[in-house]
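Enquirer: sequence isn't available, so here's the structure alone:
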């Protein structure tokens, strides 16, 4: 996924702008892994092999996304993913 694509995407639920966390890029600066996050509803949309997964909640399969999210745990910066939402863990 090209970085310019982010500017064209919005949260499918509340139409808010998304923030981007990049985990892995290729030699051409295309985003291979990372996630998009909606600051309003806190939904997280993983980017896997360059493709953002932006399905409605009822069509997402947590057991398929979980291995990737587990691998990214150290990139969550104190957050936890519950019900397809990125929540900050309070001390």
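Expert: Looks like it arrived, so ask away. Please read these numbers as outputs of a predicted model, since none were measured by experiment.
Enquirer: helices of this structure, start to end?
Expert: Using DSSP state H, the helices of the chain run over 3-6, 62-71.
Enquirer: quick one: mean pLDDT for the shortest one?
Expert: The pLDDT scores in helix 3-6 average 85.
Enquirer: wait, isn't residue 54 in contact with residue 45?
Expert: Yes. With contact defined as C-beta atoms under 8 Å, residue 54 reaches residue 45; the gap is 4.9 Å. Where you see a C-beta, it was placed from the backbone N, CA and C, and this is true even at glycine.
Enquirer: what do these two both touch?
Expert: residue 36 (C-beta atoms under 8 Å, 6 or more residues apart in numbering).
Enquirer: so between the two, which is more surrounded?
Expert: residue 45 (21 against 17; other C-beta atoms under 10 Å).
Enquirer: follow-up on the earlier one: save the helices of the chain as CSV, and put in mean neighbour count too.
Expert: CSV is the format used below for the helices of the chain (neighbours: other C-beta atoms under 10 Å):
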stretch, mean neighbour count
helix 3-6, 13
helix 62-71, 12
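Enquirer: will you turn these into TSV that also has distance to residue 34?
Expert: Converted to TSV, the helices of the chain look like this (distance: least, C-beta to C-beta, whole Å):
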stretch	distance to residue 34
helix 3-6	10
helix 62-71	10
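Enquirer: of all these, which lies closest to residue 21?
Expert: Ranking the helices of the chain by proximity to residue 21 (C-beta to C-beta) places helix 3-6 first, at 11.0 Å.
Enquirer: what residues does the closest one touch?
Expert: Against helix 3-6 from outside (C-beta under 8 Å, 6+ apart): 18, 20, 29, 31, 36.
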